[in-house]
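**Q** Sequence plus predicted model, see below.
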Protein chains: 2
Amino acid sequence: MSDLDIRPAAPADIPTIVAMLADDPLGAQRESPDDLTPYTAAFERLAQDPNQHQVVAVREGRVVGTLQLTIIPGLSRRGSTRSIIEGVRIHADERGSGLGTRLIEWAIGESRRQNCQLVQLTSDATRTDARRFYERLGFEASHVGFKMSI
Amino acid sequence: MSDLDIRPAAPADIPTIVAMLADDPLGAQRESPDDLTPYTAAFERLAQDPNQHQVVAVREGRVVGTLQLTIIPGLSRRGSTRSIIEGVRIHADERGSGLGTRLIEWAIGESRRQNCQLVQLTSDATRTDARRFYERLGFEASHVGFKMSI
């Protein structure tokens, strides 16, 4: 495999990121790759927030993966800072290549660099492969994740 | 029950908030109410971040509950903004009084006000009462919550 670069996402990456968000059993029902307007607005907001890190993985000039890392200060656990990983997507051509592991390891490393004491994420319970994947990386499936659309 | 006020936490509330974080089967093992230094530093960081809302519930001048609400912009779900609730604590004297419901309803209302489309939280799987509580409020236990200490 050729070299992989993980770098902050740029506005020009938005169409590819959205295409990856949509190319997913759950994402297909909730994304709109034909209308990028809401994504462009959200990207601007992310870009202005120093606690937000939307990154892309690039191989041979092609964006092949993405995730969002959020840094969250807090009082609990002796004033611990935690990070949250959201929206992990790997291009269909790259699934099974170890790129998911590389992206999550990048997120863990960046969380350490930012003095986080905890990394967390939630995964839809219907994504049965995800549990094995995250446990193999050292995560513990210790929590129940609740969501409410409002 | 007398009137309840939910307001942003102030530095003077830190000792009471930390005492509530520690007065909990899980919190007792991971908090240090005798040393407030790390909490004071974390509070300053929270206070400077416009996406962070550490609030307290006050009844008759006494702080009786707390939670942290974080606003997270993002690309997924058509550029949805989501909120995350962390560190929900109710003073021992007030448990069963409906205060937990009031605090979570406040967080949902504030999330709507800030144009969030999704509210989420994780609860330790050992907190068996929590599942019923959140489901009654309209949350769906649709996700697995993964954590890793680093």
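**A** Noted; the coordinates are in hand. Numbering: from 1, shown residues only, chains lettered A, B, ... in the order given.
**Q** Please list all residues in contact with the spatially most distant residue from the centre of chain A.
**A** The outermost residue of chain A relative to its centre, with distances by C-alpha atoms, centre = their mean, is A:R78 at 26.3 Å. Going by C-beta atoms under 8 Å, 6 or more residues apart in numbering or on different chains, A:R78 touches B:R30, B:E31, B:S32, B:P38, B:Y39. C-beta here means a position set from N, CA and C on the backbone, and glycine is covered the same way.
**Q** what about it, which helix or strand?
**A** Assessed by DSSP states H and E, A:R78 sits inside helix A:76-79.
**Q** just checking, A:A130 touches A:S123?
**A** Yes. A:A130 lies in contact with A:S123 (C-beta atoms under 8 Å); the separation is 4.2 Å.
**Q** hey, what's in contact with both of those two?
**A** With C-beta under 8 Å, 6+ apart as the test, A:A130 and A:S123 both reach B:V144.
**Q** For A:G145, name its beta-bridge partners.
**A** A:G145 has these beta-bridge partners by DSSP bridges: B:T122, B:H143.
**Q** Equivalent analysis for A:R62, please.
**A** Beta-bridge partners of A:R62, as defined by DSSP bridges: A:R59.
**Q** So what's the residue count around it?
**A** 12 (other C-beta atoms under 10 Å in any protein chain shown).
**Q** quick one: it from A:A92, how far?
**A** Distance, A:R62 to A:A92, by C-beta to C-beta, to the nearest Å: 12 Å.
**Q** if we can go back for a sec, and the pLDDT at the residue farthest from the centre of chain A?
**A** The score at A:R78 is 95. That number is its pLDDT.
**Q** any idea how far B:S149 is from it?
**A** Noted for A:R78: a distance of 12 Å to B:S149, by C-beta to C-beta.
**Q** contacting residues around A:A107?
**A** Neighbouring residues of A:A107 by C-beta under 8 Å, 6+ apart: A:L67, A:L69, A:S83, A:I85, A:V119.
**Q** ok, these vs chain B, which is closest?
**A** Chain B has its nearest neighbour among the contacts of A:A107 in A:V119, at 4.8 Å by C-beta to the nearest C-beta.
**Q** Now the phi/psi pair for that closest one, please.
**A** phi -120, psi 140 (degrees, to the nearest 10).
**Q** check contacts around A:V18.
**A** Counting by C-beta under 8 Å, 6+ apart, A:V18 has contacts A:E31, A:P33, A:L36, A:Y39, B:L75.
**Q** among these, who's most crowded?
**A** For the contacts of A:V18, neighbours tallied by other C-beta under 10 Å; top is B:L75, 27 neighbours.
**Q** pretty sure that one contacts A:L46?
**A** Yes. Between B:L75 and A:L46 there is a contact at 7.3 Å, judged by C-beta under 8 Å.
**Q** Mutual contacts of the two, please.
**A** Common neighbours of B:L75 and A:L46, using C-beta under 8 Å, 6+ apart, are A:Q54, A:Q68.
**Q** low pLDDT regions in chain A?
**A** By pLDDT under 70, the weakly predicted segments of chain A are A:1-2.
**Q** If we use 90, what do you get?
**A** A:1-3, A:24-30, A:95-97, A:127-129 (pLDDT under 90).
**Q** So which residues of it form helices?
**A** In chain A, the helices defined using DSSP state H lie at A:14-22, A:37-47, A:76-79, A:99-113, A:128-136.
**Q** Compare these and report which one is nearest to A:P8.
**A** Taking C-beta to C-beta, helix A:37-47 is the member of the helices of chain A nearest to A:P8, at 8.5 Å.
**Q** what's that closest one packed up against?
**A** For helix A:37-47, the contact count by 3 or more C-beta pairs under 8 Å, 6 or more residues apart in numbering or on different chains; DSSP states H and E identifies helix A:14-22, strand A:52-59, helix B:76-79 as packing neighbours.
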